[in-house]
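J.: quick check, what structure comes out for this input:
(2 chains)
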Amino acid sequence: MSIFRQLTEKSWATQGVVGEINDRSRGLGPAAKTMLGFFLAVLTSMFFLFVIGYRMRMAMPDWEPIADPGLLWFNTGLLVLSSLFMQRAKLAAQESKISVVRNNLSVAGVLAAGFLIGQYLAWGYLHDAGLYAVNSPAAAFFFLLTALHALHLLGGMFVWAYSTFRSWQKIEVVRIKLSVELCTTYWHYLMLVWIVFFILLLAT
Amino acid sequence: MAYVAIADRDHEQHLHDPQTFITKYVWSQDHKVIAIQYSLTAIFVGVIALILSGMMRLQLAFPDSFSFIAPQDYYQFVTMHGMIMVIYLLTALFLGGFGNFLIPLMCGSRDMVFPFMNMLSYWVYLLSVIILLASFFVPGGPTGAGWTLYPPQAITAGTPGTTWGILLMLVSLGVFIIAFTMGGLNYVTTVLQARCTGMTLMRMPLSVWGIFIATILGLLAFPALLVSAIMMTLDSLIGTSFFMPAMLEAGEQSEHTGGSPILFQHLFWFFGHPEVYIVALPAFGLVSDILACHARKNIFGYRQMVWAIVAIGGLSFIVWAHHMYVSGMNPYFGFFFATTTLIIAVPTAIKVYNWVLTLYQGDIHLRVPMLFCIGFIFTFVHGGLTGLFLGNVVVDLPLSDTYFVVGHFHMVMGVSPVLVVFAAIYHWYPKITGRMYNETLGKWHFWLTFLGTYSIYLPMHYLGILGVPRRYYSYGPTEFIPESAQSMNVSITYSAILVALVQILFFINMFWSLRNGPKSGGNPWGATSLEWQTTDTPAKHGNWGPKLPVVYRWAYDYSVPGEAQDYIPQNEPPKGDAQGFDPGHPHEGPHHA
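T.: Model prediction:
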């Protein structure tokens, strides 16, 4: 039933069992997926407000743009690849191919770890250029945005570690299918967030 | 095997059954126990905030009489009182307390969808409360920046608690937001996915609607507070300049460059205004259900009520800058925010009309919960109408820093939700404890609280129009404030102390009735919604015995013409369908949510 139909139901006029019986027929899938959807909405609200804060702070007279390290392009490539391998793992999980799931998950994780190390090295570039959080508002935002993004990726790595660890044990794929799917959605989401941040950092 | 959410499982043995005292009452994953834990903690900090307000009133009525209330103490009391009441009491009580208790019971599910995360939510909330209260015991005491924590003053020398107090406040807020997010994700997912068979969205009681939409508001608005808390913590700890402008601090150039304090205000109020509705929407929902039940009449305009809740929720995100008129803004912005502020009055007024029309020609029983609800309609209309004054830029500017605003927001956001809290506690007390409270004591509690709070806040509007400024520690000889204003201050203080003491009646009633109240039975009010139809009272773990309920009708079948009984429970099959509906047995499966 469409949401419009649901919200215009004249519930005082009908009796008896109407509506749906379980999750599947409500078309929502497992509860964890719904929850992840809301969680991503929470994160979107937070990241969006940081972007707004960034734009408003830019308007102050002491703002000076900084040169972003070229390493960021390389890091972005790593994250996109990582997301791609996660997607492959998800597809393999849906086809119940455990060894393919295992290989893709492992590669995706290594690439994501590479991204995190790359971001840390990018911090070093700024530091060497004499740009600190205290003397440059643009650098302060650079550190803040990259750190928050990295922390969220690091959080995702726990779920990744669980799925990967299980995938190396001899289990049926169905037991990790949901966590691989959730992990993949989260990965894609963080990749998109990073691309928005990256464009913002490059453009300003 | 197909996955079945825990809330949908059909047999009790597949739940996280508590085995020991610890898992039953301390590390409990049962939503009803978590609800009580949340409520008791929230009420505990609420009492602390009440005592702080009493100290403030003593100072205002009798300035320079109390050696233990220095100016910095006064500002610390103001700050902690505001923050505790708004966030740690009201938000936690409505969503963590009533949300936890009512959502699974009213939706006909066994528990929240993620019980472990629900338990974690409470313990993280408790941690945030402990961090907050710890600030009373650190060097310099708690922050005295006012509950809005505006920079630069919040972290600049001269304000109380700029060393430890403000940091503990910001950390505590961050921890609270994590706790709320864990709880909130549970509430929305449970409402969307764990309703029993037949419970369509439009058959949900309005309490669930109010809590559901308020939770979504919280999930989207609290990040703004988190963002500002993170940036202010960095400004304070490592000396960044997100919010802190270049300025002289104690006569010397500060190390900060050119941050934007206005940016903080925007972020804070982008959270702060939805926060008003995070508290108000659950209150709206609870009031609707209690009114309908004790007036033995279906709620007037159920669909309008749902749509109004959704509309208010949406509009609440585009009115925030009406808190910032005095900070200065582009006149077109002021015009925009004044307009949206007036527009939000429309769905709110619809709700008030519908409550009154629900009472019209009802079979009204003036029991204690009903008295509190009717009291709420008075205080809410009062606070709402003064809000129309303050929503207009030209009227707000002269009134903004006066007691008119204190009177307004305490009427609309202090007294009104608290009356609903009492109404709801009295209304659901029999379901929570299985006992009935003392009616006479409850009525005394209502009348003294209702009339007492009116005699506190009504005169404040008058003081505000006189021009008496708020936030002042003491006034000294001030030409434009007549002496009679001070007499009024004394009278307000007497009322405040009376109202505070009257709450002892409430606590005595609750604790005494726990053991000595008469047994209430499962459905003492003859209510229709599912929580009153449980097999046991208080409801046992898993709520429903071996089989989940099935819902056949909406939640407001009161005084249906031609029926012998003046209410029909939601799970009663329609006539001619005496067998009822057998939902079958959902498959059991491993719980890997």
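
J.: flag the shaky bits of chain B, pLDDT-wise.
T.: In the predicted model of chain B, residues B:1-19, B:577-593 satisfy pLDDT under 70.

J.: chain A now?
T.: Ranges of chain A meeting pLDDT under 70: A:1, A:18-28.

J.: what secondary structure does the nearest residue to A:Asn135 once chain neighbours are set aside sit in?
T.: Here the nearest residue to A:Asn135 in space, its sequence neighbours aside, is B:Thr257; by C-beta to C-beta, 6 or more residues apart in numbering or on different chains that works out to 7.8 Å. The C-beta positions use only the backbone N, C-alpha and C, and glycine is treated the same way. Secondary structure state of B:Thr257, per DSSP: H, G, I helix; E, B strand; the rest coil, is coil.

J.: in contact with B:Thr257, which residues?
T.: Residues counted as contacts of B:Thr257 (C-beta atoms under 8 Å, 6 or more residues apart in numbering or on different chains) are A:62, A:135, A:137, B:241, B:246.

J.: what subset of the residues you listed is buried?
T.: A:137, B:241 (16 or more other C-beta atoms under 10 Å in any protein chain shown).

J.: how about the contacts of B:Thr257, which pair is most distant?
T.: Across the contacts of B:Thr257, no pair lies farther apart than A:Asn135 and B:Ala246, at 12.7 Å, counting by C-beta to C-beta.

J.: now stretch B:319-330, how far from the chain's geometric center?
T.: Computed by C-alpha atoms, centre = their mean, to the nearest Å, the chain-centroid distance of stretch B:319-330 equals 24 Å.

J.: pull the residues that contact it.
T.: Contacts for stretch B:319-330 (C-beta under 8 Å, 6+ apart): B:262, B:265-266, B:269-270, B:272-274, B:333-334, B:337-338, B:340-341, B:344, B:390-391, B:393, B:396-397, B:400-401.

J.: out of the contacts of B:Thr257, which sit inside helices?
T.: A:Pro137 (DSSP state H).

J.: columns distance to B:His382 on top of the contacts of B:Thr257, output as TSV?
T.: Listed next are the contacts of B:Thr257 as TSV, based on distance: C-beta to C-beta, whole Å:
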residue	distance to B:His382
A:Asp62	47
A:Asn135	52
A:Pro137	45
B:Ser241	43
B:Ala246	44
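
J.: name the helices or strands packed onto the helix or strand that B:Ser495 is a member of?
T.: Assigned by DSSP states H and E, B:Ser495 belongs to helix B:483-516. Judged by 3 or more C-beta pairs under 8 Å, 6 or more residues apart in numbering or on different chains; DSSP states H and E, the packing partners of helix B:483-516 are helix B:31-61, helix B:416-433, helix B:439-466.

J.: need the three-state assignment for the residue in the stretch 351-500 of chain B positioned nearest to chain A.
T.: Closest residue of the stretch 351-500 of chain B to chain A, C-beta to the nearest C-beta: B:Thr358 (13.3 Å). Under three-state DSSP, the three-state class of B:Thr358 is helix.

J.: what sits against the nearest residue to it once chain neighbours are set aside?
T.: Spatial nearest neighbour of B:Thr358, excluding adjacent residues (C-beta to C-beta, 6+ apart): B:Phe300 at 4.5 Å. B:Phe300 sits next to B:354-355, B:357-358, B:360 when contact means C-beta under 8 Å, 6+ apart.

J.: if I look at B:Phe300, how far off is chain A?
T.: From B:Phe300 across to chain A, the span is 11 Å (C-beta to the nearest C-beta, to the nearest Å).

J.: just the buried positions in stretch B:505-523, please.
T.: Neighbour counts over stretch B:505-523 (16+ other C-beta under 10 Å) mark B:505-506, B:509-510, B:513, B:517, B:520, B:522-523 as buried.

J.: the closest residue to A:Thr204 other than its chain neighbours and B:Met436, how far apart?
T.: Counting by C-beta to C-beta, 6+ apart, A:Thr204 lies nearest to A:Pro65, which is 5.7 Å off, once chain neighbours are set aside. Counting by C-beta to C-beta, to the nearest Å, the gap between A:Pro65 and B:Met436 amounts to 69 Å.

J.: between the two, which is the more surrounded one?
T.: B:Met436 (17 against 11; other C-beta atoms under 10 Å in any protein chain shown).

J.: check contacts around the residue of the stretch 251-400 of chain B found nearest chain A.
T.: Proximity of the stretch 251-400 of chain B to chain A (C-beta to the nearest C-beta) peaks at B:Gly258, 3.5 Å away. When contacts are counted by C-beta under 8 Å, 6+ apart, B:Gly258 touches A:60-63, A:137, B:241, B:245-246.

J.: sort out which one of those residues lies nearest A:Leu71 for me.
T.: Proximity of the contacts of B:Gly258 to A:Leu71 was ranked by C-beta to C-beta; the top entry is A:Pro137 with 21.7 Å.

J.: residues contacting the closest one?
T.: By C-beta under 8 Å, 6+ apart, A:Pro137 lies in contact with A:57, A:60, A:62-64, B:240-242, B:257-259.

J.: distance to B:Cys293 added to these, as a markdown table?
T.: As requested, those are arranged in a markdown table below (distance: C-beta to C-beta, whole Å):
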| residue | distance to B:Cys293 |
| --- | --- |
| A:Arg57 | 52 |
| A:Met60 | 55 |
| A:Asp62 | 60 |
| A:Trp63 | 58 |
| A:Glu64 | 63 |
| B:Thr240 | 54 |
| B:Ser241 | 55 |
| B:Phe242 | 50 |
| B:Thr257 | 59 |
| B:Gly258 | 58 |
| B:Gly259 | 53 |
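
J.: for the residues you listed, which one is nearest B:Val468?
T.: Distances from B:Val468 to the contacts of A:Pro137, taken by C-beta to C-beta, are shortest for B:Gly259, at 33.2 Å.

J.: surely that closest one and B:Gly239 touch.
T.: No: under the criterion of C-beta atoms under 8 Å, B:Gly259 makes no contact with B:Gly239, lying 10.8 Å away.

J.: for the closest residue to the residue of the stretch 251-400 of chain B closest to chain A other than its chain neighbours, what are its contacts?
T.: Nearest non-adjacent residue to B:Gly258, counting by C-beta to C-beta, 6+ apart: A:Asp62, 3.5 Å away. Residues in contact with A:Asp62 (C-beta under 8 Å, 6+ apart) are A:137, B:241, B:246, B:257-258.

J.: ok, A:Asp62 to A:Ala203 distance?
T.: A:Asp62 is 19 Å from A:Ala203, by C-beta to C-beta.

J.: what ranges do the helices span in chain A?
T.: Using DSSP H, helices in chain A cover A:3-7, A:23-26, A:31-58, A:71-94, A:98-128, A:137-168, A:174-203.

J.: dump the ones you listed to TSV, plus distance to B:Gly198.
T.: Shown next, in TSV, are those (distance: least, C-beta to C-beta, whole Å):
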stretch	distance to B:Gly198
helix A:3-7	14
helix A:23-26	13
helix A:31-58	19
helix A:71-94	33
helix A:98-128	39
helix A:137-168	35
helix A:174-203	28
